[in-house]
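Q: Give me a 3D structure for the following:
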Amino acid sequence: MQGFTDIKARGWVARLPASWQPYALLARLDRPIGVWLLVLPGFWAFALAARDWGQGLWLALLFGVGATAMRAAGCVVNDLWDRDIDRRVERTRGRPLAAGTVTPFQALVFLAGLCLVGLLVLGQLNWTAIWLGVASLVPILLYPLAKRVTNWPQAMLGLTFSWAAPEGIAAATGEVGLLAVVLWAAGFLWILGYDTIYAHQDRADDAMVGIGSTALHWGERTRPFLAACYAGVVALLLAAGVMAGLSWLFLPAMLLPAALLARQVVTLDIHDPARCLRLFQANREVGLAVTLAFLAGRL
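A: Numbering: from 1, shown residues only. Here you go, the predicted model:
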């Protein structure tokens, strides 16, 4: 008897034509949290470095479309690599490639279409941002392999999902300097922390099939590890605000994202998968609060 899987058509995805639904599930269009977490470091960059509201809003729109396409592309690549493993993991056995509702060839054609959308978005940016965008394909392709060779696949995801920070700085300014690096580092630690929380949902299954994660590596020591990651996030975000010349208003505004991160550390229960999922999803509000703090400093 097949165990529990949360991969099922629901909401607006359930109203799509039946032949479209497997592709929507493959792209995780029913789970927009991934798009939010991918694009939010870009929003930080625009809040810090856009020359005006018009440029910031235009870049936010472009990055929103691009993030939707490239997050979907990353999911396709991940599921192509992992389809055999996914069949053996309770939570993921219903994924379209693992379940056989999409063939590998169909997934590759779909992937090509998603990459075309990403390329069209990339073509609207300056050359520095274009080359950075092309370079982002390397960690996207390598991420699914990381879990097979290291207990730190979340670090590879951190490199990948934080890419919008330097990409956003480059799109807004045409340059990649120290500010972009500091913002990228903040995003990396943020993602390393929240994806470790997420990985605790699959800790037992990952151990069974022999793949690594920071959840398995840290285990009962996850809370101090998470506290260290999130303390680094706050410190680096404060440094980025100072480097960008924000006004003092951003300092009290940063209390909100700092409190939201601290709440995750305090309330974490690695033995409660439902709580881990909720804490992971709460990072959308963290990212938005950081964006608002940076915007406050531009007033």
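Q: going forward, measure contacts between C-alpha atoms and count neighbours the same way
A: Noted.
Q: which SSE is residue 117 in?
A: helix 104-122 (DSSP states H and E).
Q: For that helix, name the packing helices and strands.
A: For helix 104-122, the elements it packs on are helix 53-86, helix 127-135, judged by 3 or more Cα pairs under 8 Å, 6 or more residues apart in numbering; DSSP states H and E.
Q: Reformat these into TSV and put mean neighbour count next to each item.
A: Formatted as TSV, the helices and strands packed on helix 104-122 follow (neighbours: other Cα atoms under 10 Å):
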stretch	mean neighbour count
helix 53-86	19
helix 127-135	17
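Q: Show me where the protein dips below the pLDDT cut-off.
A: Scanning the chain with the threshold set as pLDDT under 70 gives 1-9.
Q: residue ranges of the strands in it, please?
A: Read by DSSP state E, the chain holds no strands at all.
Q: can you give me the helices in the stretch 101-250 of the chain?
A: 104-122, 127-135, 137-149, 153-161, 164-173, 178-199, 203-209, 214-218, 222-243, 250-253 (DSSP state H, counting those that start in this stretch).
Q: List the buried residues in the helix holding residue 117.
A: In terms of neighbour count (16 or more other Cα atoms under 10 Å), helix 104-122 has its buried residues at 104, 107, 110, 111, 114, 115, 117, 118, 119, 121, 122.
Q: do you know how far the third one is from residue 102?
A: The one in question is residue 110. For residue 110, the distance to residue 102 equals 10 Å [Cα to Cα, to the nearest Å].
Q: Give the residues shared as contacts by those two.
A: Common neighbours of residue 110 and residue 102, counting by Cα atoms under 8 Å, 6 or more residues apart in numbering, are residue 23.
Q: returning to what we had before: tell me the most buried of the helices of the stretch 101-250 of the chain?
A: Highest mean neighbour count of these: helix 164-173, a mean of 27 (counted as mean count of other Cα atoms under 10 Å).
Q: What is the neighbour count of residue 264?
A: Other residues near residue 264 come to 24 when the count uses other Cα atoms under 10 Å.
Q: Excluding chain neighbours, what is closest to it?
A: In this structure, residue 264 finds its nearest non-sequential neighbour in residue 279, 6.1 Å apart by Cα to Cα, 6 or more residues apart in numbering.
Q: In this structure that neighbour contacts residue 199, no?
A: No - in this structure, residue 279 is not within contact of residue 199 by Cα atoms under 8 Å, at 11.7 Å.
Q: Can you get me a residue count around the residue nearest to residue 264?
A: 22.
Q: got a list of what it touches?
A: Per Cα under 8 Å, 6+ apart, neighbours of residue 279: 194, 197, 264, 268.
Q: Check residue 68 too.
A: residue 35.
Q: begin at 503 from here
A: Noted, 503 is the first residue going forward, which turns the last one into residue 570.
Q: Quickly note the distance from it to residue 647.
A: 22 Å.
Q: Kindly report the same for residue 718.
A: 17 Å.
Q: Over to residue 661?
A: 14 Å.
Q: Now the common contact residues for the two.
A: Contacts common to residue 661 and residue 647, judged by Cα under 8 Å, 6+ apart, are absent.
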